[in-house]
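coordinates only, sequence not included:
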C-alpha cells in the first residue's frame, strides 16, 4: 500500500505540471494583446498606459515561451489568475465567492446519486431478466441519452412554470434579504449549513427547495451510470462460489443477497468514483447555468460566453487542480480500505 | 466472435433493432434533407431561414409545421438540417478521436517501458480537467464555429479509447498467436495490425458507438451555452438555447411555447438513445459474463 501511495504522490507534481502546461499552451494560442488580459489583476493597471504595446513588452509577452511560462506559473502560485471581465472582479476572488454554492450542490447531489444508483443496480441484478430489470434498464438508457440541459429545462418548465414548486436561483427574495442582513452570520457560504448554524430553519428549507430540481437533474444521468456498473458486478458476484456456499448452507435469500453479495459487488463501484467526480464537476456547468445558481459552473459558462479569457482559463486550472487532489484522496482512501489494492 | 454473427444477433435483439431503425430514420432524413426541407440559399443550406424578424416564437402552422422559435427561425428546417450537423459531429469526432486512441493505446502497450509511461501520463493529464470544461476553454480560445467545436471535442476525447486499447493489447500481447508471429519474424507493424488490432477491436467499437451520442450531446451543450455554432446555424443545441427564454410561457399558459423546447429536445434525445441502445446490446452480446 505504501508503495502505491508513494507512487501516486510522486506522479502528482508531474500531473499538476502537465495540466498547467496544457492550460498555458491554450493561453499561448491567443495573440499577445489578448494574452495581456490574463496578467492584469485590476483594470486600474491599464490606466495611464499610453499604448498597449508598452504593456505587452512590460509583461514580456513577446519573450520565449518558457520565460513566459515561468512568470505565469509564478503568478498562478501566488493566486493571480488575472481580472475577470464577466465577474467584474479578480478571478481568484470571483472563484472564492462562488465556491460555496458549488460545493453545497455537489455535496447534496452525491447522496442521492450514489445511493439511488446502487439501489437500482442491485434491484436490477436481483431480478435479472424479469420485468423490473427490463424497466430499470430502459430507464437507465433513456436517462443516459437525455441531455442534462434538455432535462433541466423541462423540469423548470413543469415544476416552476406550471406548478410553481421548484424555483430557480439559490434562495427566494425574502430569504436573500435575511441572509444579507447583519443578524445572519455567514459561516460557510453554504445556505443550508449557515441556516442551521444560525438556527434559522426557514432559510434551510428555502435553500433545500431551490436545490431539489438541480439535484434531480444531476442524478438522472449518474443513476444510469452507477446502476449499470453495480448491476454487472452484482450479476457476476451472484455467480461466485461463496454465494453458492452461503445459499447451500441454508441462509435466507435476502441475507445472501444484501449482506454477502452487495458488499462485494460494491468494491468495483468505488473505482469509478474518480470518473464520477470529474463528470459531476462538468455537469455543474450546465445545471448551474440553467437553474441560475451563482457557482463556479455558472461562472465558467458566463466567462466563456463573454470571451473572458482569464476567467475561463483560471476556472479550468482551478477545477483541474481541485479535482486532481480530490481524486488522489479518493484513490488513497480506497487503497486503505480495500485489501486487494494494497497487495498490488 | 465473427462480424456476421454479431450483426445477426444485433438484428435479432428487439432493443438494438429499435436503435438501428431510429438511426436509419435519421440517416434518411440527413441524406434527403435538400428534398425534405429545400434550402432558400443552396450555397448555405445550414443557415436556418427566418419567417420574419419578430422575436416571439410562433406555434406550429400549415406553413411551419413545427412552428418557429425565437427570432422566427423555422424549427422544422433546423431539425432536418441539424440531423446532418449531428452526423457530421458524431462521425468526424468519434472517427478521429477513436483512431488517435487506438494508435496511442497500441503503441503504449506494445512497446511498454518508458514509452508506455510517458503516453499514459499524457493521457492522465488530458483527463484531469472535466471534459465539458476543457472543451469550453478550447472553443473560447479558438473562437466559435462548428470546426473549432469538433477540434475541441477531438482534443479531449481520445483518452478513454487509448486506455481501453492499451489494456486490450496488453491482454493479447502474450497470446500464442502473437508470439508465433514474432517467432516467424513478422515485422512490428504487421503484428500490430493483423494480429493485435483485429483481435481487440470489438470493445473499442462498443465504446465508439456509445460515444456517438455523448459527443453530439456535448457539442449541443456548447451551443446551448452560447460558445458553439454561430447564430442561425442548423444545430439542435442552438435550437434549445433559443427556447431558453420562453420556457415559462405566458401569463395563464406556462406551456405556451412548449414546441420550442420539446421538438429539438426529442430529436437530440432520440439520436443519442439510438446509439446507446445499439452500444448496450452490443456489449451484452460480447460480454459472456452476463449470458
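Structure's in. What do you need? Quantities reported herein were computed from a predicted structural model and do not represent experimental measurements.

When you work out contacts or count neighbours from here on, use the C-alpha atoms and nothing else.
Will do.

Residue 114: neighbouring residues, count only.
Reading this off chain A. 19 (other CA atoms under 10 Å in any protein chain shown).

Chain B, not that one
Neighbours of residue B:114 (other CA under 10 Å): 10.

Please read off the pLDDT at it from the model.
pLDDT, residue B:114: 92.

Please apply the same query to residue A:321.
For residue A:321, the pLDDT comes out at 87.

how far away is it from residue A:315?
10 Å (CA to CA, to the nearest Å).

Which one of these two is surrounded by more residues?
Taking other CA under 10 Å, residue A:321 and residue A:315 do not tie; residue A:315 has more neighbours (23 against 17).

Report the contact partners of residue 159.
The chain I'm using is chain A. Residue A:159 makes contacts with A:165, A:166, A:167, as judged by CA atoms under 8 Å, 6 or more residues apart in numbering or on different chains.

hm, I was asking about chain B
If a contact means CA under 8 Å, 6+ apart, then residue B:159 has B:101, B:123, B:126, B:127 as its contacts.

How about residue A:169?
By CA under 8 Å, 6+ apart, the residues touching residue A:169 are A:210, A:291, A:292, A:293, A:294.

hang on, the last one packs against residue A:284?
No - proximity of residue A:294 to residue A:284 does not meet the contact threshold set by CA atoms under 8 Å, at 10.9 Å.

So for the two, which residue has more residues nearby?
residue A:284 (26 against 18).

How about the more buried one, nearest residue that isn't a chain neighbour?
Leaving aside its chain neighbours, residue A:284 sits nearest to residue A:297 (5.3 Å; criterion: CA to CA, 6 or more residues apart in numbering or on different chains).

that older thread, so which of the contacts of residue B:159 comes closest to chain A?
Set against chain A, the nearest of the contacts of residue B:159 by CA to the nearest CA is residue B:126 (7.4 Å).

In chain B, mark out all the helices, start to finish.
B:3-12, B:14-31, B:33-36, B:75-111, B:113-128, B:131-142, B:146-155, B:159-173, B:176-183, B:188-190, B:198-225, B:236-243, B:258-286 (DSSP state H).

Take the ones you listed and lay them out in CSV including distance to residue A:194.
Below are these laid out as CSV (distance: least, CA to CA, whole Å):
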stretch, distance to residue A:194
helix B:3-12, 54
helix B:14-31, 48
helix B:33-36, 56
helix B:75-111, 45
helix B:113-128, 32
helix B:131-142, 29
helix B:146-155, 40
helix B:159-173, 40
helix B:176-183, 63
helix B:188-190, 63
helix B:198-225, 31
helix B:236-243, 34
helix B:258-286, 37
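
Out of those helices, flag the one nearest residue B:62.
Comparing those by their distance to residue B:62 (CA to CA), the top pick is helix B:75-111, with 11.6 Å.

buried set for that closest one?
Within helix B:75-111, the residues that qualify as buried by neighbour count (16 or more other CA atoms under 10 Å in any protein chain shown) are B:75-87, B:89-91, B:93-94, B:96-98, B:100-110.

Check what pLDDT the residue nearest to residue B:124 when sequence neighbours are not counted gets.
Closest residue to residue B:124 apart from its sequence neighbours, by CA to CA, 6+ apart: residue A:15 at 7.2 Å. What the model reports as pLDDT for residue A:15 is 89.

host element of residue A:15?
If you go by DSSP states H and E, residue A:15 is part of helix A:2-28.

now the angle between helix B:131-142 and that helix, please.
30 degrees (axes from the mean of the first three to the mean of the last three CA atoms, to 10 degrees).

Counting by contacts, list what helix A:2-28 packs against.
If you count contacts as 3 or more CA pairs under 8 Å, 6 or more residues apart in numbering or on different chains; DSSP states H and E, helix A:2-28 packs onto helix A:65-77, helix A:309-337, helix B:113-128, helix B:131-142.

what separates it from the chain centre, distance-wise?
19 Å (CA atoms, centre = their mean, to the nearest Å).

again with stretch A:100-117
Computed by CA atoms, centre = their mean, the chain-centroid distance of stretch A:100-117 equals 9 Å.

Got the confidence number for the closest residue to residue B:45 other than its chain neighbours?
Of all residues not flanking residue B:45 in the chain, residue B:39 sits nearest, at 5.2 Å (CA to CA, 6+ apart). Note for residue B:39: predicted pLDDT of 86.

Residue A:230 is nearest to which of the helices of chain B?
Of all the helices of chain B, helix B:258-286 sits nearest to residue A:230, with 15.0 Å by CA to CA.

Show the average pLDDT along that closest one.
89.

Give me the angle between it and helix B:14-31.
Using the same axes, to 10 degrees: helix B:258-286 against helix B:14-31 is 130 degrees.

that older thread, highest average neighbour count across the helices and strands packed on helix A:2-28?
Of all these, helix B:131-142 has the most neighbours on average by mean count of other CA atoms under 10 Å in any protein chain shown, namely a mean of 25.

Wondering if that one reaches chain A at all.
Yes - using CA under 8 Å from any CA of the partner chain, helix B:131-142 reaches chain A at B:131, B:132, B:133, B:134, B:136, B:137, B:138, B:140, B:141, B:142.

looking at chain B, which helix or strand does the model trust least?
helix B:188-190 (a mean of 73; mean pLDDT, DSSP states H and E).

Do me a favour and get the end-to-end distance for stretch B:150-160?
17 Å.

residues of it that come out buried?
B:150, B:151, B:152, B:153, B:154, B:155, B:156, B:157, B:158, B:159, B:160.

Equivalent analysis for stretch A:98-112, please.
Quick answer for stretch A:98-112 (16+ other CA under 10 Å): A:98-106, A:108-110, A:112.

Nearest to residue B:191 among these?
residue A:110 (45.9 Å).

so the helix or strand where the closest one lies versus helix A:309-337, what angle?
If you go by DSSP H and E, residue A:110 is part of helix A:91-126. On the basis of the same axes, to 10 degrees, helix A:91-126 is oriented at 40 degrees to helix A:309-337.

wait, what's in contact with residue A:144?
By CA under 8 Å, 6+ apart, the neighbours of residue A:144 are A:220, A:221, A:222, A:224, A:225, B:273.

Residue B:158 touches residue B:101, doesn't it?
Yes - Residue B:158 is within contact range of residue B:101, at 4.9 Å (criterion: CA under 8 Å).

The residue most central in space within chain A in helix, strand or coil?
Of all residues in chain A, the one closest to the mean position by CA atoms, centre = their mean is residue A:281, 2.3 Å from it. Of the three states, residue A:281 takes helix under DSSP: H, G, I helix; E, B strand; the rest coil.

That one and residue B:130 touch, don't they?
Yes - in terms of CA under 8 Å, residue A:281 counts as a neighbour of residue B:130; the distance is 6.6 Å.

contacting residues for residue 131?
You didn't pick a chain, so chain A it is. Contacts for residue A:131 (CA under 8 Å, 6+ apart) come out as none.

hmm, I had chain B in mind actually
By CA under 8 Å, 6+ apart, the contact set of residue B:131 is A:278, A:279, A:282, B:156, B:157.

Appreciated, that's everything.
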